[in-house]
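J.: need a 3D model of the following:
(chains A, B, C and D)
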Protein chains: 2
Amino acid sequence: MPDAKGFAAEPRAPEPKALEAKGLESKGLAPAGSNLLFLREEEIRLAQDLLFFAYRDFTNAADLILAELGLGRAHHRALHYIGRNPGISVSELLAILRITKQSLARVLTALVEQGYVAQSPGHADRRQRLLALTQAGQALERRLFERQRERLAAAFREAGGAAVEGFRRVMRGIMDEAGRGYVERSEAAVREPRIRPS
Amino acid sequence: MPDAKGFAAEPRAPEPKALEAKGLESKGLAPAGSNLLFLREEEIRLAQDLLFFAYRDFTNAADLILAELGLGRAHHRALHYIGRNPGISVSELLAILRITKQSLARVLTALVEQGYVAQSPGHADRRQRLLALTQAGQALERRLFERQRERLAAAFREAGGAAVEGFRRVMRGIMDEAGRGYVERSEAAVREPRIRPS
DNA sequence: CCGAACAAGTCAACAAGACTGCCCTAACCC
DNA sequence: GGGTTAGGGCAGTCTTGTTGACTTGTTCGG
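T.: Residues are numbered from 1 along each chain as shown, chains lettered A, B, ... in the order given. Model prediction:
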């Protein structure tokens, strides 16, 4: 097996892959001035790389624990959003995750069987099965959370508060309307931490 | 099918899911002062949401075109990194994508058969098959790129240059060493655009 | 109060994309 | 010449997504 360690190790310096700017001249280096604010192609392509690497390594962080328990990322996502929205209905969860009923059912069945998630009939509408984490579910979700927290906290610390605010603004802009609405409710809590509990 | 439009529509306002802060008091609201810089738990959880939604919607942007051609996201990733590193070897590409040989082989075989990627034996080491996009491959990659560009450019425009710089700093911090090294070479080009081509 | 609409669960079947383990060929290099 | 490396290939598995059709309760409007 190729050792897989070193794609970034070698600076790829002396012979940088022909370095061709052939074909697509459209990157264009801008009409002379207009440095900042101008969205050059390379800036966008870099962002593609950033999203790919950051998301991959971020999700990887919890995989060890999940693998031990025979669970997958889909289970983690469900745990996360149930934990964040205790008492959420199945269809609300489906709308957040944007997967089909069957995809969720498989995951949810496993989580309920293993005692991580509890279902209770809805108060107003008894057709609903409201979902919440059990004690075990909260404990597991916390273990998983801690792994990802380490990564994010380190990145936030290095980057500084202003950068984090910029990160949030850009990420909000990338996602579509629905997600933006969901996330805005959480963002309010972060921005104005004066709503302390009792 | 549940209409899937509205998970963000209802403000979930009047009865916010029992709102339990039970069990895990560790979110702790901080020792009185220390507002900025302090990494509160909610800040991290919000970032989890941002990563999930932004990455999902970002990748979705190109799916329509891919589906028409019977290709998947794995093909897109390969096209992207071959386009960005013309003449890359198979093992270098494997190290970037961090998938197994077989996973890449399936995707690569399809791309070569359909005329999007060309292979040529390595100059120094003839065991290598150096990869590059054909004309058709460049055209397809560009179509896919444009879709994602729209999203990212809009987000960057709304957020402003400073936010974009913060976004990059945070994303770089989230990914691990290997990816950081790879990305740094691209970042140099973005930050100092004075290396204009001839 | 009845029938349509809805929430949720279920079955069967399928596809993409990742994985493992093993083996092969050709080329490189000591 | 022999061990290592680059790449390819085969066989089988797993997770997570998909579709479509059907059932069982429950709600709600006419």
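J.: check which helix or strand covers A:G179.
T.: For A:G179, the host element (DSSP states H and E) is helix A:177-191.
J.: try A:L108
T.: Under the assignment here (DSSP H and E), A:L108 is part of helix A:101-113.
J.: CA atoms of that helix as CSV?
T.: Written as CSV, here are the backbone C-alpha positions of helix A:101-113 (Å, rounded to 0.1, in the frame of the first residue of the first chain):
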residue,chain,number,x,y,z
LYS,A,101,-37.6,8.4,5.2
GLN,A,102,-35.9,5.1,4.7
SER,A,103,-32.4,6.3,5.1
LEU,A,104,-33.4,7.9,8.3
ALA,A,105,-35.4,4.9,9.5
ARG,A,106,-32.4,2.6,9.3
VAL,A,107,-30.3,4.9,11.3
LEU,A,108,-33.0,5.8,13.8
THR,A,109,-34.0,2.2,14.4
ALA,A,110,-30.5,1.3,15.3
LEU,A,111,-30.2,4.3,17.7
VAL,A,112,-33.5,3.4,19.4
GLU,A,113,-32.6,-0.2,19.7
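J.: contact partners for the most centrally placed residue in chain A?
T.: Most central in chain A under C-alpha atoms, centre = their mean is A:Y55, positioned 6.5 Å from the mean C-alpha point. Contact analysis of A:Y55 by C-beta atoms under 8 Å, 6 or more residues apart in numbering or on different chains lists B:51, B:55. From N, CA and C alone the C-beta is placed, and that goes for glycine too.
J.: A:S120 bridge partners, please.
T.: For A:S120, the beta-bridge partners are A:L130 (DSSP bridges).
J.: my read: it touches A:L130, true?
T.: Yes. Applying C-beta atoms under 8 Å, one finds A:S120 in contact with A:L130, separated by 5.3 Å.
J.: list the helices and strands whichever strand or helix holds A:H80 packs on?
T.: A:H80 is part of helix A:73-84, with elements assigned from DSSP H and E. Applying 3 or more C-beta pairs under 8 Å, 6 or more residues apart in numbering or on different chains; DSSP states H and E, one finds that helix A:73-84 contacts helix A:63-68, helix A:90-97, helix A:101-113, strand A:117-121, strand A:129-133, helix A:135-159, helix B:41-60.
J.: quick one: which of these is nearest DNA strand C?
T.: Taking C-beta to the nearest atom of the strand, helix A:90-97 is the member of the helices and strands packed on helix A:73-84 nearest to DNA strand C, at 2.9 Å.
J.: that closest one packs against which elements?
T.: For helix A:90-97, the packing partners by 3+ C-beta pairs under 8 Å, 6+ apart come out as helix A:73-84, helix A:101-113, strand A:129-133.
J.: okay if I get those as JSON lines plus mean pLDDT and mean neighbour count?
T.: Below are the helices and strands packed on helix A:90-97 laid out as JSON lines (pLDDT from 0 to 100; neighbours: other C-beta atoms under 10 Å in any protein chain shown):
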{"stretch": "helix A:73-84", "mean pLDDT": "98", "mean neighbour count": "21"}
{"stretch": "helix A:101-113", "mean pLDDT": "97", "mean neighbour count": "15"}
{"stretch": "strand A:129-133", "mean pLDDT": "97", "mean neighbour count": "21"}
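J.: out of the ones you listed, which gets nearest to A:V164?
T.: Comparison of the helices and strands packed on helix A:90-97 against A:V164 by C-beta to C-beta identifies helix A:73-84 as nearest, at 19.5 Å.
J.: how far does that closest one sit from the chain's center?
T.: 11 Å (C-alpha atoms, centre = their mean, to the nearest Å).
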